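Engineer: Sequence and predicted structure below; questions after.
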Protein chains: 2
Amino acid sequence: MATIYEVSRLAGVSLATVSRVINNTAPVREATRVKVEAAMNELGYRPNSVAQSLASNRSNSIGILVSELSGPFYGELLSRIEAEFRAVGKHVIIAAGHSDAEMERESIEFLRSRNCDALILHVESVSDNYLRGLADGGCAFVLINRYVRAIAERCITLDNRHGGYLATRHMLQLGHREIAYVSGPMWKNDAKERYAGHLEALAEFGVSENKALFFEGDFQETGGVRALQHFLAADASFSALVCANDEMASGAITAAHDIPLELPDQLSVIGFDNVNFSHYTYPKLTTIDYPIAEIGQMAARWVLKNVYSQTTTELKAIFEPRVIERDSTQKI
Amino acid sequence: MATIYEVSRLAGVSLATVSRVINNTAPVREATRVKVEAAMNELGYRPNSVAQSLASNRSNSIGILVSELSGPFYGELLSRIEAEFRAVGKHVIIAAGHSDAEMERESIEFLRSRNCDALILHVESVSDNYLRGLADGGCAFVLINRYVRAIAERCITLDNRHGGYLATRHMLQLGHREIAYVSGPMWKNDAKERYAGHLEALAEFGVSENKALFFEGDFQETGGVRALQHFLAADASFSALVCANDEMASGAITAAHDIPLELPDQLSVIGFDNVNFSHYTYPKLTTIDYPIAEIGQMAARWVLKNVYSQTTTELKAIFEPRVIERDSTQKI
DNA sequence: GCCTATGATGAAAGCGCTTTCATTTATAGC
DNA sequence: GCTATAAATGAAAGCGCTTTCATCATAGGC
C-alpha cells in the first residue's frame, strides 16, 4: 500500500500539501491539486485510517451497544444508524450487552478502549449513577430508549407511558371493559411506564383496576403463553388482552389457538413495538408503533451535531407512539 | 488519558518494558511486572488501541458485510460473530450491501479502508471474478453462503441443493404428488440450488415436473402472496406448496387464510431458513433449518485461524440443512 | 515599482504505541 | 571467581498521518 510520502514524492510536493488535498483542510492551488490527485490515482493510494486517527485524535468510529444483535427490534435500529454514518464516511462498531449490568459495563469499556468518538447506548441494566459518572468522565454518548434526568439532554426516548395509554384506550374505545394486561419485567423502566399508561387509560374510562387481570411476563414469547394460561387457569373473565410487547402478544395468540379461542371474536389482542414479524401472526396483530428506525436516525444526528459539529436538522428527544390497527382487535 | 510513557516513568522502567507486560510478548521479571501493573492501575491506564494498531499493523477489527442489518436472518449471524470475536478482544465493524453490486463493492472498499484485519462477506451481487481479484489482491476474507470454485478454501456454505431436496422429499413422503414450488429470484445462486434440489426429489419419486406449478418470487412476503394467487388464478391443482424461504411461505399462509383455505388440511406449506419468526405463523411453519449462527461461528474461526494464527477446532466448510417439522404440513 | 496583505507551500514535530538491536544483568558450569 | 550463555531491559527508530509555524510567492494599493 502506497503511503502519503510516496504520493508527495511522485507529485513533487510536500506531505502537508497532500494531506491538504485529501482533507480539503486548506486552500491548494488548482494545478497542485491536479498533480496530487494524479499521483494518488497512479499509486492507487488510500489514506491509512489508523494513522489518520492517531494523528488527528479522531477515529471516525461510533460504538453502538444494544441488548441483542438478533431479534427484530435492534436490526432496524442498527440498520438506520449504519446508513446515517456511512453516508458521511464514518463507521460503526457494534457490541451486545445482553441486558446484564456487568456485560453492559464491560461492553462500554470495550467500546471506549476502541477509541470510538462517540457511543450510542441502549442499556437496560446499568444504573443511572453509572451513566451519570460516564457523562461526567467526558465520554461522549447518547442514550436510547431510556430517560435519566441528570443527563436529559443525551436521552432519546419513546413516550412509553403514552403508548401504554393508547393500547388500553384502543380497547376501551372498542367497548372492552374487562382488559387483562401482560406486562414486561417491572424492573425495566419501559415495562413500568407502559403499565402506568394502561392504568391511566383505565382511570380515564372509569374502569377500576383488577389485580387478577395483571400478569408480569418476560417480554418473550413464552411470557405471553404463560400469561394466557395463567388467566384461564384462574378463571378470569376478560375480552381483551393488552401485551407490553409483540413477542408476548404473539405467544398469547399461539396459546389462544391451542385452547382454541377464536380471535378476535372471543378475545382481542394488542401488542407493542410493531416489530416486523407482527403481521405474520394470524390474525395480524394490532399493535403500537415504536418508531425505532427514526430514533436510531435521531441518535446518529445527535452524534453528528454534538461530536462532529455538523449542522443538522433540529434534534427531537421524545417520540410519539401510535396505534397500528390490524386484525387482532375488534368491537365487543 | 495516561500514556504508556507516563506509566513507564512512574514505574521507573522503559517504554519497551511496559509494552512487554501489556502484550505479554517477552519475559519480564516478576518484580518488574508488579511495579508496572501498579503504575498502570494508579494511572488508570488503558492502551490506545489506535496507536497499537498503527505500530503493530494490526487493527484487531474485522469487517462484516451483510445484505441487510435488519431482518431475522442476519441478526443471528452478527450476534454469533460478534460474540466469537469479542471473547478474544477483537471488534466488529458492520456494513450493509443491500444486494446491490455497486453498494457491495463500495462497502468492501469502505471496510478495507478501515484497515480491517479480515472481512467476512455475505455478498450476492458482486461477481465471482471480482471476488477472485480481491483474493489475489491479498485481501483476507471469507465468504459466507456462496461458493466460488477458484477460492473454495474461503467459502462456508449451506448445502442449499440438499435443503431443497429435503423440503420436497418431505412433502413426497407425506404422500403429496401435486407440489407447487415458489422459488426465489433465479439469478441468486441459492434460489437456483434449492430449485435444483426440488427437481431432484421429484425425479427420485418419479414425479414429472409441471411448469404450471412453478412461480418465481422475490424472497419477500409479498412474493408468497402473489405466488398463491397466481396458482389459484391459473386453476392449478396442488396439495402442497414448497417455498424457497420462510418469508414467502409466510406470505402464502397469509394469502391462504384470506381465501380461505384450511391449513394444513387443504394445503401443506413448507418454508426454508427457519428464521426466528417462523413459529409465529399459524399454523406454525414446517421449514428447513439454516444453521446460520453456526455458519457465523465457523466464519469467525476461519478468521481466527487464518488471519490471527490461532489454533482452533477443525474448520467445516459445508453445513447440512435439516427438516424442522411443525404444523403446516400434513399427510394427504 | 515598492510595500503589505493574503494565499500556497514546506519543514518538522508530534500522535502513542511496537519492535529491533544493543546492552546490561543474572545464571550456570567449571 | 571467571567465563559462556541466557534472560531482562533500554534506546531509538519507525508506523503513516495531521497540524503548527515559518517561509515563499502572488496580487493589489498607492
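Structural biologist: Right, received. Where do you want to start?
Engineer: Pretty sure A:His176 is one of the things A:Val207 touches, is it not?
Structural biologist: No - using Cβ atoms under 8 Å, A:Val207 makes no contact with A:His176, being 9.2 Å away. C-betas here are computed from N, CA, C, even on glycine.
Engineer: And those two? Which one has more around it.
Structural biologist: Ranked by neighbour count (other Cβ atoms under 10 Å in any protein chain shown), A:Val207 and A:His176 place A:His176 first, with 24 against 16.
Engineer: Secondary structure element for that one, which one?
Structural biologist: For A:His176, there is no enclosing helix or strand under DSSP states H and E.
Engineer: any idea how far A:Glu247 lies from DNA strand D?
Structural biologist: Distance, A:Glu247 to DNA strand D, using Cβ to the nearest atom of the strand, to the nearest Å: 46 Å.
Engineer: which SS class is that residue?
Structural biologist: helix (DSSP: H, G, I helix; E, B strand; the rest coil).
Engineer: Skipping adjacent residues, who's closest to it in space?
Structural biologist: Excluding the flanking residues, the one nearest A:Glu247 by Cβ to Cβ, 6 or more residues apart in numbering or on different chains is A:Glu221, at 4.9 Å.
Engineer: who's in contact with the one you found?
Structural biologist: A:247-248, A:250-251, A:254, B:280 (Cβ atoms under 8 Å, 6 or more residues apart in numbering or on different chains).
Engineer: Turn these into TSV, columns for neighbour count.
Structural biologist: Formatted as TSV, the contacts of A:Glu221 follow (neighbours: other Cβ atoms under 10 Å in any protein chain shown):
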residue	neighbour count
A:Glu247	28
A:Met248	30
A:Ser250	29
A:Gly251	24
A:Thr254	22
B:Tyr280	24
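Engineer: To which secondary structure element is A:Asn129 assigned?
Structural biologist: helix A:128-136.
Engineer: go on, A:Lys331?
Structural biologist: Assigned by DSSP H and E, A:Lys331 falls outside every helix and strand.
Engineer: That one: neighbour count?
Structural biologist: For A:Lys331, using other Cβ under 10 Å, the count is 9.
Engineer: Now for the residue in chain A that DNA strand C sits nearest to: which residues touch it?
Structural biologist: At 2.7 Å from DNA strand C, A:Pro27 is the closest residue in chain A, using Cβ to the nearest atom of the strand. By Cβ under 8 Å, 6+ apart, the contact set of A:Pro27 is empty.
Engineer: The one 10 residues further on now?
Structural biologist: For A:Glu37, the contacting residues are A:Val21, by Cβ under 8 Å, 6+ apart.
Engineer: which residues in chain A form helices?
Structural biologist: Taking DSSP state H, the helices of chain A run over residues A:4-11, A:15-23, A:30-43, A:49-56, A:72-86, A:101-113, A:128-136, A:160-173, A:189-204, A:221-233, A:246-258, A:292-306.
Engineer: mind putting these in TSV, mean pLDDT included?
Structural biologist: Converted to TSV, those look like this (pLDDT from 0 to 100):
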stretch	mean pLDDT
helix A:4-11	94
helix A:15-23	94
helix A:30-43	94
helix A:49-56	95
helix A:72-86	93
helix A:101-113	94
helix A:128-136	95
helix A:160-173	98
helix A:189-204	96
helix A:221-233	95
helix A:246-258	93
helix A:292-306	95
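Engineer: among those helices, which is the most enclosed?
Structural biologist: Mean neighbour count (mean count of other Cβ atoms under 10 Å in any protein chain shown) peaks for helix A:246-258 among the helices of chain A, with a mean of 25.
Engineer: Those residues of chain A touching DNA strand D, which are they?
Structural biologist: Contact residues, chain A versus DNA strand D (Cβ under 7 Å from any atom of the strand): A:1, A:3-5, A:15-16, A:18-20, A:22-23, A:25-26, A:45, A:47-48, A:51-52, A:54-56.
Engineer: picking that back up, I'd like the distance between the residue of chain A closest to DNA strand C and B:Arg194.
Structural biologist: 58 Å (Cβ to Cβ, to the nearest Å).
Engineer: cool, A:Asp289 as well?
Structural biologist: The value you get for A:Asp289 to B:Arg194, if Cβ to Cβ is used, is 34 Å.
Engineer: A:Val21 too?
Structural biologist: From A:Val21 over to B:Arg194 (counting by Cβ to Cβ), the distance is 50 Å.
Engineer: same check, this time on A:Lys35
Structural biologist: Counting by Cβ to Cβ, the gap from A:Lys35 to B:Arg194 is 54 Å.
Engineer: same question, A:Ile295
Structural biologist: 37 Å.
Engineer: residues in contact with A:Glu209?
Structural biologist: A:199, A:202.
Engineer: how big is the angle separating the helix holding A:Asn129 from helix A:189-204?
Structural biologist: Angle, helix A:128-136 to helix A:189-204, by axes from the mean of the first three to the mean of the last three Cα atoms, to 10 degrees: 120 degrees.
Engineer: Briefly note if helix A:128-136 comes near chain B.
Structural biologist: No - if you take Cβ under 8 Å from any Cβ of the partner chain as the test, helix A:128-136 misses chain B, and the best it gets is 13.3 Å.
Engineer: which helices and strands sit right next to that helix?
Structural biologist: strand A:141-144 (3 or more Cβ pairs under 8 Å, 6 or more residues apart in numbering or on different chains; DSSP states H and E).
Engineer: what separates the strand it packs on from the chain centre, distance-wise?
Structural biologist: Mean-position distance between strand A:141-144 and its chain equals 10 Å (Cα atoms, centre = their mean, to the nearest Å).
Engineer: Surely A:Val182 and A:Glu247 touch.
Structural biologist: No - at 10.4 Å, A:Val182 does not count as touching A:Glu247 under the criterion of Cβ under 8 Å.
Engineer: Give me the common contacts of the two.
Structural biologist: What both A:Val182 and A:Glu247 touch, as defined by Cβ under 8 Å, 6+ apart, is the set A:223-224.
Engineer: what's next to the helix holding A:Asn129, contact-wise?
Structural biologist: A:105, A:108, A:121, A:123, A:141, A:143, A:148, A:150-151, A:154.
Engineer: Which single one of those residues is nearest to chain B?
Structural biologist: Among these, A:Ile108 lies closest to chain B (Cβ to the nearest Cβ), at 12.5 Å.
Engineer: wait, what's in contact with that closest one?
Structural biologist: A:65, A:119, A:121, A:123, A:126, A:134.
Engineer: Tabulate those residues (TSV), appending distance to B:His230.
Structural biologist: As requested, the contacts of A:Ile108 are exported to TSV (distance: Cβ to Cβ, whole Å):
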residue	distance to B:His230
A:Leu65	45
A:Leu119	49
A:Leu121	47
A:Val123	47
A:Val126	52
A:Leu134	56
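Engineer: Buried by neighbour count, from those residues: which ones?
Structural biologist: A:65, A:119, A:121, A:123, A:126, A:134 (16 or more other Cβ atoms under 10 Å in any protein chain shown).
Engineer: quick one: which of these is nearest DNA strand D?
Structural biologist: Once Cβ to the nearest atom of the strand is applied, the member of the buried ones among the contacts of A:Ile108 that ends up nearest DNA strand D is A:Leu119, at 21.6 Å.
Engineer: Was I right to think that closest one contacts A:Leu111?
Structural biologist: Yes - the pair A:Leu119 / A:Leu111 is scored as a contact, 5.6 Å apart, by Cβ under 8 Å.
Engineer: Pull up the overlap in contacts between the two.
Structural biologist: Common contacts of A:Leu119 and A:Leu111, defined by Cβ under 8 Å, 6+ apart, comprise A:63, A:65.
Engineer: ok, A:Glu294 to A:Leu285 distance?
Structural biologist: 21 Å.
Engineer: cool, and A:Ala51?
Structural biologist: 51 Å.
Engineer: Equivalent analysis for A:Cys243, please.
Structural biologist: Relative to A:Leu285, and taking Cβ to Cβ, A:Cys243 is found at 9 Å.
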